[in-house]
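In: just to be clear, the model below is a prediction. Sequence and coordinates:
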Amino acid sequence: AERFGVNRSTVVRALEELISYGILEGEPGRGTIVRSNTWSLLMSTAPPDWGSYVKSGAFQENVPTIQTINKLEFKKDIIRLGTGELSPDLFPRELMSELFHRLSQKVPSLNYLEPLGLPELREALSQRLKKQGIDADPSCILITSGSLQALQLISVCILKPGSVVYTEAPSYLKSLQVFPSAGMRLSGVPMDREGLLYWTIKEEDALLYTIPTYHNPTGILMSESRRQELFRFCSSRRLPMIEDDAYGDLWLEERPPRPLKALDKNGMILYLGTISKTLAPGLRIGWLVGPQSVVERLGDVKMQVDYGASSLSQWAVTELFKSGLYDDYLTGLRIELKKRRDRCLQLLDQYMSGLAKWDIPRGSFYIWLRLVGRIQVDQLFQLMLKDNILINPGNVYDFEKNQSVRLSYSYASEKEMETGIRKLAEVLRDLT
Ligand code: PMP
């Protein structure tokens, strides 16, 4: 047999390591002994390689800035200058108390519901959509757990991996993740003040995802004429569209043009709505309107995914719509949001002129600050964090480098807005 020389110090290190694992015990006077439960210790010191499991899931991770925002939003005393949600100060406590009182008398059960969602809610939605010029039978409406789930279902049920999804550049942050996670290739379409420049779209085997009304993150409202042209362009190429109308009810002075879906008489468009921006994202209620074959397919898969959206939330939204409580609430909300927008614009005039450019949003929550100097928005994000202020840097919404910041006037209080914007100006001045 071959003989190997073993270095004495290697043996000593090996013994020390085994002692540190608790496999051997060194006792003065007794030498080194093997512990009686060595076998179970050996078994328990070898967990699966979760690191490689964690990396192999289908979903992409959030970019680090978003992971930071998702965590820090809940830190005490943080100022949230970019949050796309209503402030807790705007939470309609009386409305909710009235609503839940009514529900306690009316809801027959909280059992599972049918695949497309509560029929009463789909009927109420069908009536509401009619007022916007959308002709949707309840059989063509699917209730989803938020409109993000509608995007999810569309991407895994009806789109081909490898096909192209056009979106505005920049676009809603999660649209940039949900489609690629399901294997689609994204392509950004540039915008001007009237909406996306549809004539730059080239490919045939594709679909267009658009947010024509108070676009997230830029706040751009697609003009009436651009809507007509876009619809004609897509119809002539049989290019299907997803119209995301999360913000359409949040006009501040005058109603926006009708949704693209109002032009659609033969099923070109999958139209998405949600209660998240107007009232409560925590209810997790959204809806999708489209051809019956698509709605049924998505509803069938939804039963596998979560067995339907919360039935309590579905009853709640039905009551809100049918009673008129919701429309009264919206009227008050628009007044509040307009006040906040105007105050935010005053603050921007006071502190930010010369440092950024912006347009006046006509609805929704966002002001898109286009920074004037050569600014690294990631660095700006980090510097603002030092003062406990969270901003949403534009590069998380875009396909390429971006020199903008998405401000929101819906979340921070007036005082926080002032502190935050003053600080933002200070930091920008230091950086330029
Ligand atoms: N679409 C757009 C454009 C959004 O801004 C949001 C929320 N930020 C959503 C969809 C998703 O909303 P939810 O899933 O809560 O309905």
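Out: That came through, no problem. These numbers were taken from a predicted model, which means no experiment stands behind them. Numbers count the residues shown, from 1 in each chain.
In: could you measure the nearest residue to residue 414 once chain neighbours are set aside against residue 416, distance?
Out: Closest residue in space to residue 414, ignoring its immediate chain neighbours: residue 343 at 5.7 Å, by C-beta to C-beta, 6 or more residues apart in numbering. In this view, the C-beta of every residue, glycine as well, is placed from N, C-alpha and C. Going from residue 343 to residue 416 by C-beta to C-beta, to the nearest Å gives 11 Å.
In: please name the nearest non-neighbouring residue to residue 63.
Out: residue 396 (6.0 Å).
In: please read the previous query as pertaining to residue 166.
Out: Of all residues not flanking residue 166 in the chain, residue 208 sits nearest, at 4.5 Å (C-beta to C-beta, 6+ apart).
In: report the separation between that neighbour and the ligand.
Out: To the ligand, residue 208 is 14 Å away according to C-beta to the nearest ligand atom, to the nearest Å.
In: list the residues that contact that residue.
Out: Counting by C-beta atoms under 8 Å, 6 or more residues apart in numbering, residue 208 makes contact with 165-167, 189, 198, 201, 234, 239-242.
In: what about the stretch 101-250 of the chain, any weak spots by pLDDT?
Out: The stretch 101-250 of the chain contains no residues with pLDDT under 70.
In: looking at it, what residue ends up closest to the ligand?
Out: Relative to the ligand, the nearest point of the stretch 101-250 of the chain is residue 146 (2.7 Å; C-beta to the nearest ligand atom).
In: counting neighbours, what do you get for the residue nearest to residue 414?
Out: Per other C-beta atoms under 10 Å, the neighbour tally for residue 343 reads 14.
In: the helix or strand harbouring it packs against which elements?
Out: Using DSSP states H and E, residue 343 maps to helix 325-352. When contacts are defined as 3 or more C-beta pairs under 8 Å, 6 or more residues apart in numbering; DSSP states H and E, helix 325-352 packs onto helix 93-106, helix 311-323, strand 366-371, helix 414-431.
In: tell me the residues of the stretch 151-300 of the chain that contact the ligand?
Out: 172, 211, 216, 244, 246, 274, 276, 281, 286 (C-beta under 6 Å from any ligand atom).
In: wait, doesn't the third one sit right on residue 175?
Out: No - distance between residue 216 and residue 175: 9.1 Å, which falls outside the contact criterion (C-beta atoms under 8 Å).
In: these two: which has the busier surroundings?
Out: residue 216 (26 against 23).
In: ok, the closest residue to residue 231 other than its chain neighbours to residue 130 distance?
Out: Residue nearest to residue 231 in three dimensions, not counting chain neighbours: residue 263, with 4.7 Å by C-beta to C-beta, 6+ apart. Going from residue 263 to residue 130 by C-beta to C-beta gives 15 Å.
In: when those two are compared, which one has more neighbours?
Out: More crowded of residue 263 and residue 130, by other C-beta under 10 Å: residue 263, with 17 against 11.
In: could you measure from residue 225 over to residue 72?
Out: 42 Å.
In: likewise for residue 165?
Out: From residue 165 to residue 72 the distance is 30 Å (C-beta to C-beta).
In: of those two, who's got more company?
Out: More crowded of residue 165 and residue 72, by other C-beta under 10 Å: residue 165, with 24 against 13.
In: element containing the more buried one, please.
Out: strand 164-168.
In: can you check residue 209 too?
Out: strand 206-210.
In: contacting residues around whichever helix or strand comes after that strand?
Out: Going down the chain from strand 206-210, the next helix or strand is helix 224-237, by DSSP H and E. The set of residues external to helix 224-237 that reach it, using C-beta under 8 Å, 6+ apart, is 194-196, 198-199, 201, 204, 208, 210, 212, 222, 239-241, 257-258, 260, 263-264, 268.
In: which residues touch the residue nearest to residue 383 when sequence neighbours are not counted?
Out: Distances taken as C-beta to C-beta, 6+ apart place residue 427 nearest to residue 383, at 5.0 Å, with adjacent residues excluded. For residue 427, the contact set (C-beta under 8 Å, 6+ apart) comprises 380, 383-384.
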